[in-house]
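S.K.: Return a 3D structure for these sequence lines:
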Amino acid sequence: RLLKSPLRFLLQYESIVQTGPVWKRKGLFSKRRQLILTDTPRLIYVDPATMVQKGEIPWTQQQPVRVEIVNDTSFDVVTPGRVYHISSDDSTTARVWNDAIEALLRQQA
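M.R.: Below is the predicted model:
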């Protein structure tokens, strides 16, 4: 019998570079999510209770994302079609995520 991986949303040979609990805000409401940055690169957000993928922030070499730090705990991920508002309870979150995403963007260039 095959066991299903709890990380079934990862692609074959894809590794996690950065992950952490965040609040993803859309409109007036915020939802707790686990944000995952992979080496392909992809930004995925999952429900931390069920580990079911809830969405993916689109990112291609032709249309890379941009991170805008709002404050120590909040940052925006800007894509051509949408701005994703992310925050956390940790005061270093914005800088840590910015640095991880920027490192992958430099590798893509």
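S.K.: Output the contacting helices and strands for whatever helix or strand Leu104 lives in.
M.R.: Per DSSP states H and E: Leu104 is located in helix 93-108. The contact analysis (3 or more C-beta pairs under 8 Å, 6 or more residues apart in numbering; DSSP states H and E) places helix 93-108 against strand 16-26, strand 29-38, strand 66-69, strand 74-78. All C-beta spots, glycine's among them, are computed from the backbone N, C-alpha and C.
S.K.: Over to Gln61: give its phi and psi.
M.R.: Dihedral pair for Gln61: phi -60, psi -30, per degrees, to the nearest 10.
S.K.: which non-adjacent residue is nearest it?
M.R.: Nearest residue to Gln61 in three dimensions, chain neighbours excluded: Gln108, at 5.3 Å (C-beta to C-beta, 6 or more residues apart in numbering).
S.K.: Can you give me the neighbour number for the one you found?
M.R.: If you count neighbours by other C-beta atoms under 10 Å, Gln108 ends up with 11.
S.K.: who's in contact with it?
M.R.: Contact analysis of Gln108 by C-beta atoms under 8 Å, 6 or more residues apart in numbering lists 41, 61, 64.
S.K.: Where does pLDDT dip in this structure?
M.R.: 1-7 (pLDDT under 70).
S.K.: List the residues that contact the residue lying closest to Ser88 once chain neighbours are set aside.
M.R.: Of all residues not flanking Ser88 in the chain, Val22 sits nearest, at 5.0 Å (C-beta to C-beta, 6+ apart). Counting by C-beta under 8 Å, 6+ apart, Val22 makes contact with 32-35, 45, 86-88, 93.
S.K.: likewise Val70?
M.R.: Applying C-beta under 8 Å, 6+ apart to Val70 gives the contacts 76, 87, 94.
S.K.: mind checking how far the residue lying closest to the second one once chain neighbours are set aside is from Leu37?
M.R.: The reference is to Ser87. Leaving aside its sequence neighbours, Ser87 sits nearest to Ser74 (C-beta to C-beta, 6+ apart; 4.1 Å). According to C-beta to C-beta, to the nearest Å, Ser74 stands 17 Å off from Leu37.
S.K.: what do you get for Ser91?
M.R.: 19 Å.
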